[in-house]
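> Curious how this folds, go ahead:
(one chain, ligands or ions: 1)
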Amino acid sequence: MLRRYILLNTNKFVNCRHVSQSMLQSTVDEKSGIATVTMNKPPVNSLNLEFLDEINTQLNKLQKDKIRGMILTSGLQKVFCAGLDITEFYNPNPDRLAKFWTVLQDTWLSLYMASFPTVAVINGHSPAGGCLFAMSCDYRVMVGPKYTIGLNETKLGIVAPKWFQDTMVAVIGQRKAEVSLTTGKMYTTDEALQVGLIDESLPDADSALKKGTQFLNNFQRISPWAFKMTKDISRQPTVQWLIDNKQKDLDFVLKFMQSPDVQKSLGLYLQSLKK
Ligand SMILES: CCCCCCCCCCCC/C=C/CC(=O)SCCNC(=O)CCNC(=O)[C@H](O)C(C)(C)COP(=O)(O)OP(=O)(O)OC[C@H]1O[C@@H](n2cnc3c(N)ncnc32)[C@H](O)[C@@H]1OP(=O)(O)O
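Residues are numbered from 1 along each chain as shown. Predicted structure coming up:
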């Protein structure tokens with residue numbers, strides 16, 4: 001049952017329903033119908049099987065609740081999301097890896113095709129899967145200037161799957177995405193704004209959240225049905241490949257991730273992170 005709370009959110013009191021609390025906090029402003037979903041899995045919001053499952057469950061719940069919009073942000077000091085949890089890939093248990101990848105596919109489909117408008121308030125670093133999540137929202141507001149965002153997979157000796165790449169192409173275009181993906185480029189906030197990877201840059205998290213809310217307020221006078229149909233038509237070419245090839249994508253990942261060369265690269269990368 002939903003309970004009423006007064007919740008402290010970025011130094012502001014708002015009237016809201018408290019929907020869940022664990023690695024993910026979700027609050028819905030009663031007046032606007034806008035949900036704020038805050039990732040809170042220290043130290044870096046890395047996406048493991050359980051966290052992804054929780055995110056996907058929450059997205060499906062918000063859809064059923066017919067919210068009017070969602071802000072996705074982080075409760076951590078300087079990281080929006082560090083991407084996929086690399087320990088899921090290193091010396092993996094094949095059954096768990098298969099579950100992990102399937103939940104990732106489903107979570108991406110839920111977020112990318114969400115029936116409500118979505119904004120990523122990127123209040124920290126956002127590499128790889130973190131960048132994928134941000135790019136999957138309808139609008140991106142980033143706190144600058146000190147954080148970075150991008151698909152850095154080649155720097156780990158791995159390959160961004162086709163649907164990660166297609167998501168980037170849909171945001172910044174083929175040519176820029178190709179250079180960005182092959183070089184594993186991590187953009188500063190200013191660079192990300194220049195290339196179109198983010199829509200706005202704000203100096204602090206409070207003003208970024210306000211900007212995100214302002215964007216969502218654009219939809220108050222737009223029919224949810226018209227919004228959803230338009231988004232579906234626009235995004236269908238990007239999602240169709242995965243919808244048609246979920247098993248093939250999974251089989252490839254299982255094979256690729258268990259190859260000795262990839263394991264060696266991942267081991268070295270994990271070591272460098274620990275240092
Ligand atoms: C036909 C051909 C088709 C080809 C298809 C190919 C198909 C292949 C599929 C494979 C695709 C795989 C896709 C993967 C996407 C990903 O998301 S991979 C993850 C990439 N992420 C990163 O590289 C981020 C790494 N982290 C950082 O850069 C930094 O941690 C940070 C900038 C996010 C934060 O910095 P800081 O605040 O200084 O924290 P740290 O001290 O670095 O980290 C604290 C702590 O967290 C651990 N950690 C960091 N990131 C991760 C992570 N992603 N996963 C797991 N753990 C992580 C880090 O090791 C530290 O741990 P300790 O405290 O030292 O134990």
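> Every contact and neighbour count from this point should use C-alpha atoms.
Fine.
> which residues of the stretch 51-200 of the chain fall in helices?
94-112, 129-136, 162-172, 174-183, 189-195 (DSSP state H, counting those that start in this stretch).
> Figure out which of those is closest to residue 257.
helix 94-112 (9.1 Å; C-alpha to C-alpha).
> Same question for the closest one: list its buried residues.
Judged by neighbour count (16 or more other C-alpha atoms under 10 Å), helix 94-112 contains these buried residues: 97-98, 100-112.
> Check which helices and strands it is in contact with.
Applying 3 or more C-alpha pairs under 8 Å, 6 or more residues apart in numbering; DSSP states H and E, we find helix 94-112 packed against helix 49-64, helix 129-136, helix 224-244, helix 246-257.
> which residues are there in this protein that come within reach of the ligand?
43-44, 46, 79, 82-87, 125, 127-129, 158-161, 253, 256, 273-274 (C-alpha under 6 Å from any ligand atom).
> so where's the protein shaky on pLDDT?
1-21 (pLDDT under 70).
> Pick out the residue closest to the middle of it.
For the chain, residue 133 is the residue whose C-alpha lies nearest the centre (C-alpha atoms, centre = their mean; 1.7 Å).
> contacting residues around that one?
Going by C-alpha atoms under 8 Å, 6 or more residues apart in numbering, residue 133 touches 108, 111.
> same thing but at 7 Å, please
With C-alpha atoms under 7 Å, 6 or more residues apart in numbering as the criterion, no residue contacts residue 133.
> Pull up the gap between it and residue 187, please.
Residue 133 is 16 Å from residue 187, where distance means C-alpha to C-alpha, to the nearest Å.
> One more: residue 163?
20 Å.
> now residue 120
16 Å.
> So the two - more neighbours on which side?
Comparing residue 120 with residue 187 by other C-alpha atoms under 10 Å, the one with more neighbours is residue 120, at 28 against 22.
> Now do the same contact list for the more buried one.
Contacts for residue 120 (C-alpha under 7 Å, 6+ apart) come out as 71, 72, 73, 134, 137, 139, 140, 141.
> Thanks again, I'm all set now.
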